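S.K.: quick one: sequence plus predicted model below, questions after.
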Amino acid sequence: AQRVTQPEKLLSVFKGAPVELKCNYSYSGSPELFWYVQYSRQRLQLLLRHISRESIKGFTADLNKGETSFHLKKPFAQEEDSAMYYCALRRQAGNTPLVFGKGTRLSVIA
Amino acid sequence: KAGVTQTPRYLIKTRGQQVTLSCSPISGHRSVSWYQQTPGQGLQFLFEYFSETQRNKGNFPGRFSGRQFSNSRSEMNVSTLELGDSALYLCASSLGGLVEHTQYFGPGTRLTVL
């Protein structure tokens, strides 16, 4: 079975400080990893996916298969980054369900 | 394109009743997935429909069921409601193809069971 663990429920950082949201997963095969974000009073939306290897809103995430991690990073946090962040996994085999972590609330303090 | 819409946005029911929630996907999307979100368990997958067929199913009791219509709209039904069914129910739509299947989420239906 697949499992996604986000060890921090809440992460508070000062504006301009680096951010790292941790995500660890357990899955024996090749997973597809995602980060979803939910801003206040908005719907859940995709932030980035590992296969795209892109930077969105300054955020990046690298899949580390050795450590089974997919941490989300941003060098300089902005107040507008305050939101709930969910890491999610899907088996890399077509249309399979997303398995979500329980989320980390990021609070950026001015 | 209009986003995923869910109706109603809020529902209050009592134990033992049943409820039906509706989800309209983005135009052209053929896959609809349903999730239950609670503070304790987070987001949990209920089921997914593609072209009117249930393609994937999560670990929920048979009281939770769904269906999809020919226009890709989907409904989920919960019978014999229990207090623990109080949650935010999210649906997500995607193209459903083998390559591109990014899921787009609706705003959710907040169900409260008294």
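M.R.: Done, it's in. The structure presented is a predicted model; accordingly, all values stated were derived computationally and were not measured. Numbers count the residues shown, from 1 in each chain, chains lettered A, B, ... in the order given.
S.K.: ok, the residue nearest the centre of chain B to A:A83 distance?
M.R.: Nearest to the mean C-alpha position of chain B, counting by Cα atoms, centre = their mean, stands B:W34 at 3.1 Å. B:W34 sits 23 Å away from A:A83 when distances are taken as Cβ to Cβ, to the nearest Å. Bear in mind the C-beta positions are built from the backbone N, C-alpha and C, glycine included.
S.K.: same question for B:G42.
M.R.: 16 Å.
S.K.: quick check, pLDDT for the closest residue to B:A92 other than its chain neighbours.
M.R.: With Cβ to Cβ, 6 or more residues apart in numbering or on different chains as the criterion, B:A92 has its nearest non-adjacent residue at 4.0 Å, and that residue is B:Q103. Looking at B:Q103, its pLDDT stands at 89.
S.K.: give me the neighbour count for B:Q103.
M.R.: Using other Cβ atoms under 10 Å in any protein chain shown, B:Q103 has 27 other residues around it.
S.K.: equivalent analysis for A:K22, please.
M.R.: Neighbours around A:K22, by other Cβ under 10 Å: 17.
S.K.: quick check: it touching A:P7?
M.R.: Yes - in this structure, A:K22 is within contact of A:P7 by Cβ atoms under 8 Å, at 5.4 Å.
S.K.: re the thing from before, how about the nearest residue to the residue nearest to the centre of chain B, chain neighbours excluded?
M.R.: Nearest to B:W34 is B:L46, by Cβ to Cβ, 6+ apart, at 4.1 Å.
S.K.: now do A:R91
M.R.: That would be A:G29: by Cβ to Cβ, 6+ apart, it lies 6.1 Å from A:R91.
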